[in-house]
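> sequence and predicted structure, then a few things I'm wondering about:
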Amino acid sequence: MATTLGSLLLIAVTTALLFRDQLTLQLVSEWMEQSGQLAIPLFILGYALIVVTFLPATLVSIAAGALFGPLWGTLFSATGATIGALFAFLLSRYLFSDWVKSHANRHSDKVVHCVNQEGWRFVAFVRLVPLFPYNLSNYLFGITSLSAVTFSWATLLFILPGTVARTYIGHVGIETLSGSGEQIVLKIGIAATLFALVAFLPSIIRTVQRELLNSGS
């Protein structure tokens with residue numbers, strides 16, 4: 001069973017990498033518009049598969065904002081990203097732990113050590129500060145002692161800042177192109193501010209950490 005699942009995953013990842021350049025914002029939008037009432041569950045499932053197979057998910061979050069609006073786009077994107085992360089986590093833990101350890105040896109020991117020291121706080125840090133690519137980190141967390149429940153809620157909570165920014169950018173972008181939105185200039189300003197906050201969040205967190213360490217010494 002494990003061999004079969006491993007082969008299927010390898011085929012899926014290989015196919016995804018070969019066709020990753022064809023995953024465009026327009027293509028995602030067209031798929032969703034043609035799906036009718038199945039658009040939402042298909043979007044969430046598709047997002048989860050994208051996370052598992054190492055495809056870039058940023059454009060999908062932006063598409064969610066364009067298709068569903070900033071609120072629902074954030075909810076659907078975060079749900080799909082968390083489901084995909086949990087699936088990768090479980091695959092790593094129960095099927096591919098040896099493979100992950102052998103192929104990510106320069107990262108695996110560090111992740112295991114940090115989780116043992118910090119627990120869910122390290123998950124929060126990695127989600128806010130991209131030390132590792134999102135898709136890779138899910139597999140790395142699978143080889144740690146972290147529980148699936150803790151991993152899931154910490155992932156869902158701390159991917160929200162970046163997800164909100166990307167979906168709002170998609171929402172503003174589609175309104176700008178269609179010319180149907182009100183206060184476009186204000187919304188563009190909000191989108192730019194959100195993007196800047198997410199971009200500078202790692203620096204802010206590192207600064208706060210240094211200050212806390214200095215104050216405690």
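Perfect, thanks for sending it.
> so where's the protein shaky on pLDDT?
Scanning the chain for pLDDT under 70 picks out 1-33, 35, 105, 174-217.
> tell me where it has helices.
In the chain, the helices defined using DSSP state H lie at 2-18, 25-34, 39-52, 58-94, 97-103, 105-118, 120-128, 134-141, 148-158, 160-178, 184-216.
> wouldn't Ile44 be in contact with Ala81 here?
No. If you go by Cβ atoms under 8 Å, Ile44 and Ala81 don't touch, sitting 9.3 Å apart. In short, each C-beta sits where N, CA and C put it, glycine included.
> looking at these two, which one has more neighbours?
Taking neighbours as other Cβ atoms under 10 Å, Ile44 and Ala81 compare with Ala81 leading, 28 against 21.
> distance-wise, check Gly119 relative to Gly162.
The gap separating Gly119 from Gly162 is 22 Å, by Cβ to Cβ, to the nearest Å.
> between those two, which is the more surrounded one?
Between Gly119 and Gly162, Gly162 has the larger neighbour count (other Cβ under 10 Å), namely 24 against 16.
> show the contacting residues for Leu131.
Each residue near Leu131 by Cβ atoms under 8 Å, 6 or more residues apart in numbering is listed here: Phe125, Ser137.
> no, scratch that, I was asking about Gly80
Counted by Cβ under 8 Å, 6+ apart, Gly80 has contacts Phe43, Ile44, Leu45, Gly46, Tyr47, Ala48, Ile50, Val51, Val60.
> go with 6 Å
Residues near Gly80 by Cβ atoms under 6 Å, 6 or more residues apart in numbering: Ile44, Tyr47, Ala48.
> also Leu49?
Neighbours of Leu49 in contact, by Cβ under 6 Å, 6+ apart: none.
> kindly provide the distance from it to His103.
Going from Leu49 to His103 by Cβ to Cβ gives 21 Å.
> what of Val112?
15 Å.
> okay, now the closest residue to Ala57 other than its chain neighbours: neighbour count?
Nearest residue to Ala57, sequence neighbours excluded (Cβ to Cβ, 6 or more residues apart in numbering): Ile50, at 5.2 Å. By the other Cβ under 10 Å criterion, the neighbourhood of Ile50 contains 22 residues.
> I'd like to know how far Ile50 sits from Cys114.
Counting by Cβ to Cβ, the gap from Ile50 to Cys114 is 26 Å.
> which one of Val112 and His103 is surrounded by more residues?
It is Val112, of Val112 and His103, that has more neighbours when counted by other Cβ under 10 Å, with 17 against 12.
> I'd guessed that one sits against Leu146; true?
No. The pair Val112 / Leu146 is not scored as a contact, 9.6 Å apart, by Cβ atoms under 6 Å.
> which neighbours do the two have in common?
With the criterion set as Cβ under 6 Å, 6+ apart, the contacts of Val112 and Leu146 do not overlap.
> neighbouring contacts of stretch 109-117?
Under Cβ under 6 Å, 6+ apart, the answer for stretch 109-117 is Phe122, Leu140, Thr144, Leu146.
> okay, now the closest residue to the first one other than its chain neighbours: neighbour count?
Closest residue to Phe122 apart from its sequence neighbours, by Cβ to Cβ, 6+ apart: Cys114 at 4.6 Å. Other residues within reach of Cys114 by the criterion other Cβ under 10 Å amount to 17.
> please apply the same query to Pro161.
Residues lying near Pro161 (other Cβ under 10 Å) number 15.
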